[in-house]
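Visitor: coordinates for the following, if possible.
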Amino acid sequence: MREEEKSLKVREILPFDLSRLIEIERASFPTPWSKEALKVQILSPFAFNLLIEADGVVVGYIMCLISKDECHVLNLAIDPKFRRQGYGSKLFSSALSILREKGIREVYLEVRESNLAAIKLYLKFGFKAVGRRKRYYEDTGEDAIVMHLSL
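Guide: Numbers count the residues shown, from 1 in each chain. Below you'll find the predicted structure:
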């Protein structure tokens, strides 16, 4: 079934979504967030968290922290079984629209320098590389590229 035939929904992450988020997290990252870290993020008063569902199945999520008029993207993941189908773009586009409505002016994130698919996505939305954090990822020693977008 093609994406346009599926029922897509972007919504806030709720505590009952935790088990599915853990599945996606473990399938997506070499060092996934713990259940407790995900739970803390879901419940944080400073959090901005969304997920995307296709036909009622959670296929990805984005987790951010907001401080005044700035947003820091902490985590963005699409289940590997659902990648390259436009879900990341749809989720990210929805998140940026809501952030604009909330009065957010600056968005920052770090991305593994080897994660070319994510970098391509961020560039598509107008992000620019503004720095590098040496050996940011402890699991691999890989650098992070710091990216920024003014809304």
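
Visitor: which residues of this structure fall in strands?
Guide: For the chain, the strands defined by DSSP state E cover 8-12, 47-54, 57-67, 70-78, 106-112, 128-137, 142-150.

Visitor: report all helices and strands that the shortest one contacts.
Guide: Right, the one you point to is strand 8-12. Contacts defined by 3 or more C-beta pairs under 8 Å, 6 or more residues apart in numbering; DSSP states H and E place strand 8-12 against strand 47-54, helix 87-101. Any C-beta I mention is one placed from the backbone N, CA and C, and that applies to glycine too.

Visitor: is it possible to get TSV of those that adds distance to Y137 and mean neighbour count?
Guide: Listed next are these as TSV, based on distance: least, C-beta to C-beta, whole Å; neighbours: other C-beta atoms under 10 Å:
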stretch	distance to Y137	mean neighbour count
strand 47-54	22	20
helix 87-101	20	17
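
Visitor: and of the ones you listed, who's closest to F127?
Guide: helix 87-101 (10.0 Å; C-beta to C-beta).

Visitor: and the closest one, what does it pack against?
Guide: Helix 87-101 packs on strand 8-12, strand 47-54, strand 57-67, strand 70-78, helix 116-124, going by 3+ C-beta pairs under 8 Å, 6+ apart.

Visitor: just the buried positions in the longest one, please.
Guide: Think strand 57-67. Residues of strand 57-67 classed as buried by neighbour count (16 or more other C-beta atoms under 10 Å): 58-66.

Visitor: paired strands for it, with orientation please.
Guide: Taking DSSP bridges as the criterion, strand 57-67 forms sheet pairs with strand 47-54 (antiparallel), strand 70-78 (antiparallel).

Visitor: then the shortest one?
Guide: Counting by DSSP bridges, the strands paired with strand 8-12 are strand 47-54 (antiparallel).

Visitor: contact partners of the strand it pairs with?
Guide: 3, 6-13, 17, 21, 41-42, 58-66, 71, 82, 87, 90-91, 94-95, 98-99, 102 (C-beta atoms under 8 Å, 6 or more residues apart in numbering).

Visitor: G131 touches E113, doesn't it?
Guide: No - using C-beta atoms under 8 Å as the test, G131 is too far from E113 to be in contact (11.9 Å).

Visitor: quick check: neighbours shared by the two?
Guide: By C-beta under 8 Å, 6+ apart, the residues touching both G131 and E113 are I145.
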